[in-house]
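*Asks:* Fold the following, please.
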Amino acid sequence: MSAHTKNDWHGILSQIESSLIDSRLLIVESNPDTLSYLEKLFSGQYNTLICTTGKDAIHKISLFQPQIIIVNKQLADMEGLTLCQTLKENADTSPIPVIMITKVYKDVATLQLFASGAFDVICKPFDPSILRFKIANLLRHQMSWENKTLAEHKRLNIKSVHTENDCKFLDHLIRFIENNLNNPDLCVTMVCKEMAASQTLFYHRITSLTGQTPSAFIRNIRLKKAANLLLTGKHKIADVATMAGFENPKHFYKVFKHYYKVSPKKYLHPK
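*Replies:* Residues are numbered from 1 along each chain as shown. Now for the predicted structure:
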């Protein structure tokens, strides 16, 4: 591999970031100077939201739905570690990677941050290009996984796609459902509004493309999401049900067993 100059790396980084321009980044920072620095570093690359307290961040996360969160170890109203733990204990926010920024990189303190659920720990002063590469690569990984999941849903759920419009319709539909899986209010009416279609038209189009009713299509995507979460081994079954949008655990057990022919517990721990 030929050597690259700093300008070469900057060009490569800018090219990567340009493909991720719609990504959502939440920065939680109470220090005005660091906040201004991070805002300038990322606001031109991503859709960036700034919060100066942990309480404000917790309030806004559900509305903004960030893909990555950058948190300072010490905030004005709480420890960054406390915020990270709070996010990881919530089924809706636990999947979001948290990158912690700290002044001192000590083994015990750093291990404590990782134990709280932090995805990575960055020590100040840091090379801005390295932090930008870390964020960009993590976003690319997320996008790759989303595309893989989308392709899997299409492979398992699609009966026949005849036109490019059908393909775009299904891509839009599956992405919308995927992005709202943890919303228990996700329903056919909500999806029809997003797709700008009447329920009658939507019903006929979905059944012709997938061989499933709209409700079954949404439910099956929820179940596949639940199965993937179970296989990670990181979540309790009740939490998986919530993350996949099932409000009633008993209902989740029932439909999961009907679809996969085994209970969630046996699916997680097959004998």
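*Asks:* residues near Pro125, how many?
*Replies:* When neighbours are counted by other CB atoms under 10 Å, Pro125 registers 7. In short, each C-beta sits where N, CA and C put it, glycine included.
*Asks:* Is it in a helix, a strand, or coil?
*Replies:* Three-state call for Pro125 (DSSP: H, G, I helix; E, B strand; the rest coil): coil.
*Asks:* Could you check how far it is from Ile101?
*Replies:* Applying CB to CB, to the nearest Å, the value for Pro125 to Ile101 is 11 Å.
*Asks:* same deal with Glu29?
*Replies:* To Ile101, Glu29 is 8 Å away according to CB to CB.
*Asks:* just Leu26 next, same as before
*Replies:* From Leu26 to Ile101 the distance is 13 Å (CB to CB).
*Asks:* do the same with Gln45
*Replies:* Taking CB to CB, one finds Gln45 at 17 Å from Ile101.
*Asks:* Look at those two and report which has more neighbours.
*Replies:* Ile101 (24 against 20).
*Asks:* Show me what that one is bridged to.
*Replies:* Asn72, Ile122 (DSSP bridges).
*Asks:* Report the backbone C-alpha coordinates of stretch 90-98 in CSV.
*Replies:* Output in CSV follows, covering the C-alpha atoms of stretch 90-98 (Å, rounded to 0.1, in the frame of the first residue of the first chain):
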residue,chain,number,x,y,z
ASN,A,90,-33.7,1.9,28.3
ALA,A,91,-34.7,-0.5,25.6
ASP,A,92,-35.4,2.3,23.1
THR,A,93,-31.9,4.0,23.5
SER,A,94,-29.7,1.0,24.4
PRO,A,95,-28.7,0.2,20.8
ILE,A,96,-27.3,3.7,20.2
PRO,A,97,-23.5,3.8,20.4
VAL,A,98,-22.2,6.2,22.9
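*Asks:* What residues sit buried inside it?
*Replies:* Residues Asn90, Ala91, Thr93, Pro95, Ile96, Pro97, Val98 are the ones in stretch 90-98 that count as buried (16 or more other CB atoms under 10 Å).
*Asks:* which SS class is the first one?
*Replies:* What three-state DSSP gives for Asn90 is coil.
*Asks:* Give me the domain ranges for the protein.
*Replies:* 6-142, 158-268 (automatic domain parsing).
*Asks:* Make JSON lines from those and add mean pLDDT to it.
*Replies:* Below are the domains of the chain laid out as JSON lines (pLDDT from 0 to 100):
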{"stretch": "domain 6-142", "mean pLDDT": "84"}
{"stretch": "domain 158-268", "mean pLDDT": "85"}
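*Asks:* measure Ile58 to Ser208 for me?
*Replies:* 44 Å.
*Asks:* More neighbours: the two, which one.
*Replies:* Neighbours per residue, other CB under 10 Å: of Ile58 and Ser208, the larger number sits with Ile58, 17 against 12.
*Asks:* Surely that one is within a helix?
*Replies:* Yes: Ile58: assigned to a helix according to three-state DSSP.
*Asks:* Chain neighbours aside, what residue packs nearest to it?
*Replies:* Nearest residue to Ile58, sequence neighbours excluded (CB to CB, 6 or more residues apart in numbering): Thr86, at 6.6 Å.
*Asks:* Strands of this structure, residue ranges please.
*Replies:* Secondary structure of the chain, counting by DSSP state E: strands at 24-28, 47-51, 68-72, 98-102, 120-123.
*Asks:* so which of those gets nearest Val262?
*Replies:* strand 98-102 (33.6 Å; CB to CB).
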